[in-house]
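Enquirer: let's see this in three dimensions:
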Amino acid sequence: MKALRKVGFDLCRLVALALLVLSCGASPSFAQNSPGSAAERTALFRWFDSLGLPDLTKYPLVEVTNRAWAPYYDMLGRDDSVERNLRRKYGFLLEDREGRFTVLCASLITVTLVKSRDFTNYKLIDPATLATTWLAQQKGYPKGWMAAGLDAFVLARVCAAKGDSRSAKTLFRFAMERASLDYFNKCTRQERLRAEFARYGYAHSASMLYDVSVSRSEIKAQVDSLIQRLSLESLVKQFPNFGIDGVLPMQKTLDLMVEEDRAHDRKTSPPLERLPLKERIAELIFRLRDNAGRDDIFMRYKTTKQAKYHASEALEQIGYPAIPQLMEALDNPRFTREGGRKIGDEAENTVWGISGHRLNMQQGNDRPMTRSEVKRQALEWWAKMKVKGERKMLTEATESGEGDAQYTADILARKYPALALQSIAKGLQKATGKYVVRDMLHAAASLKGDESLHFLQSLAQNDKRPAVREDAKEAIKYRRF
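Expert: Predicted coordinates:
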């Protein structure tokens, strides 16, 4: 009897423990097969095969290098860092014809790229060889680095289909190690993989905007395919704040832009230079969607090819007459080719380039301003500008030595050189920011004549601030160029 009571007591304890585990939100996958087991591997490979992808065993594995995936290339120069910073993705070569090749990447995104000798190309890779060398390279990455896990998962599936079970097991185990974050402790590994493929595909689709050789309609087709293949609407609800919330808005914006592109192509109008000014400004703002190749508003383009894609350059040359329409575009959500920037961001930067005034400045608050807040601030600034005029606004900002002083000093030196030196001298007395001081001194150095040279020489010898003396010496050197 005592033995029976003991068995009953132990059984109750087990039931209570199980209920406790369930009540604490234990993962459904906790009760499934252990990570990397043959049963789980078979189940997940079967799910992957159901996504409607082509038979990957029929296509060669390649490593793709694409300059457009490394948007800051032009800031690096031609050295070893270029090779390291050209982004690489693994994928399967679907077609190579007439200088273009099409690759299905592990992000489930299919992309067609134009070959170039130096920057955009591919090389064939043996899956089994990659399984060994690539895994060794990934050891330094944290377990949450899931993009590497997805590459490994896809490669594991191909190795398994080709009969290389050893490589498949090793790669699959690596992929599952990347699928163990706490965020996912209430879902199965299949749901985890689905969410990660969605995030990877979304990031890859967004990066395609950098590449002006890939049309918006091609990007839209890939986003549509990603949403349908992974049933993304339900996924967004299941995994809020996981970095996939933007996929559906991206699809909606691309739908709108593709329709606008088609309507714009059908429209016949005279060449840009023959359009009335108001229509020319509107056309240039429309073309901001194709801006590419520049990260900083004061970075000028090194090649004609880069400048071709920058309507903002032409808008800056038009100047203040363009500002009213630019302010109307400040909350425009359409994408540009600047990688992550919207037309509203480009309009804001163009106003900055014209006036030297940054609209998106919120003192004492790290929270980014909303587009409506930026627009409201722009209207307040524009009202002051119409009352005071450009010269007074530029001199006041420069003489403050704060905020935009370094930018307004540059514009003042170019447009009103007779006023610039006096305003810069006043501003330098108040300026404390390292880069504000440096750039204001460079603006002074750009002025012609002996007066600016004597001003800089005096600062280099007599200013009480060591940093100002050093910057003044550098500015004098700058005059020689």
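Enquirer: what sits against the closest residue to Val214 other than its chain neighbours?
Expert: Residue nearest to Val214 in three dimensions, not counting chain neighbours: Met208, with 5.1 Å by CB to CB, 6 or more residues apart in numbering. Using the backbone N, CA and C atoms, a C-beta is placed for each residue, glycine as well. Taking CB atoms under 8 Å, 6 or more residues apart in numbering as the criterion, Met208 is in contact with 68, 109, 111, 214, 218-219, 222.
Enquirer: out of the residues you listed, who has the most neighbours?
Expert: Taking other CB atoms under 10 Å as the neighbour criterion, Val111 ranks highest of the contacts of Met208 with 26 neighbours.
Enquirer: how about residues contacting the helix or strand containing it?
Expert: Per DSSP states H and E, Val111 falls inside strand 110-114. With CB under 8 Å, 6+ apart as the test, strand 110-114 has contacts from 64, 66, 94-95, 99-105, 120, 204, 208, 211, 213-214, 218, 222, 225.
Enquirer: tell me the buried residues in stretch 373-386?
Expert: Buried positions in stretch 373-386, judged by neighbour count with 16 or more other CB atoms under 10 Å: 373-375, 377-378, 381-382, 385.
Enquirer: ok, back up a step: and the next element down the chain from the strand holding Val111?
Expert: The helix or strand immediately downstream of strand 110-114 is strand 121-124, counting by DSSP H and E.
Enquirer: that following strand packs against which elements?
Expert: With contacts taken as 3 or more CB pairs under 8 Å, 6 or more residues apart in numbering; DSSP states H and E, strand 121-124 sits against strand 61-66.
Enquirer: can you tell me the strand partners of the strand it packs on and which way each runs?
Expert: When pairs are called by DSSP bridges, strand 61-66 turns out to pair with strand 87-97 (antiparallel), strand 121-124 (antiparallel).
Enquirer: and the ones you listed: which comes nearest Leu421?
Expert: With CB to CB as the measure, strand 87-97 is the member of the strands paired with strand 61-66 nearest Leu421 (46.0 Å).
Enquirer: of the contacts of strand 110-114, select the buried ones using a PyMOL command.
Expert: A single PyMOL command selects the buried members of those (16+ other CB under 10 Å):
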select buried, resi 64+66+94+101+102+103+104+105+120+204+208+211+214+218+222+225
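Enquirer: the contacts of strand 110-114 in strands, which ones?
Expert: When the contacts of strand 110-114 are checked against strands (DSSP state E), the matches are 64, 66, 94-95, 100-105.
Enquirer: return the member of those nearest to Lys426.
Expert: Asn66 (49.5 Å).
Enquirer: so the closest one is in contact with Thr120, correct?
Expert: Yes: under the criterion of CB atoms under 8 Å, Asn66 makes contact with Thr120 at 4.9 Å.
Enquirer: surely Asp255 is in contact with Val223?
Expert: No: counting by CB under 8 Å, Asp255 stays clear of Val223, with 9.4 Å between them.
Enquirer: more crowded one of these two?
Expert: The neighbour comparison of Asp255 against Val223 (other CB under 10 Å) goes to Val223, with 25 against 14.
Enquirer: mind checking pLDDT for the more buried one?
Expert: In this model, Val223 is scored at 95, pLDDT.
Enquirer: same question, Glu40
Expert: 87.
Enquirer: got the contact list for the strand or helix carrying it?
Expert: Per DSSP H and E: Glu40 is located in helix 38-49. Residues from elsewhere that reach helix 38-49 (CB under 8 Å, 6+ apart): 32-34, 153-154, 156-157, 160, 168-169, 172, 176, 189-190, 193.
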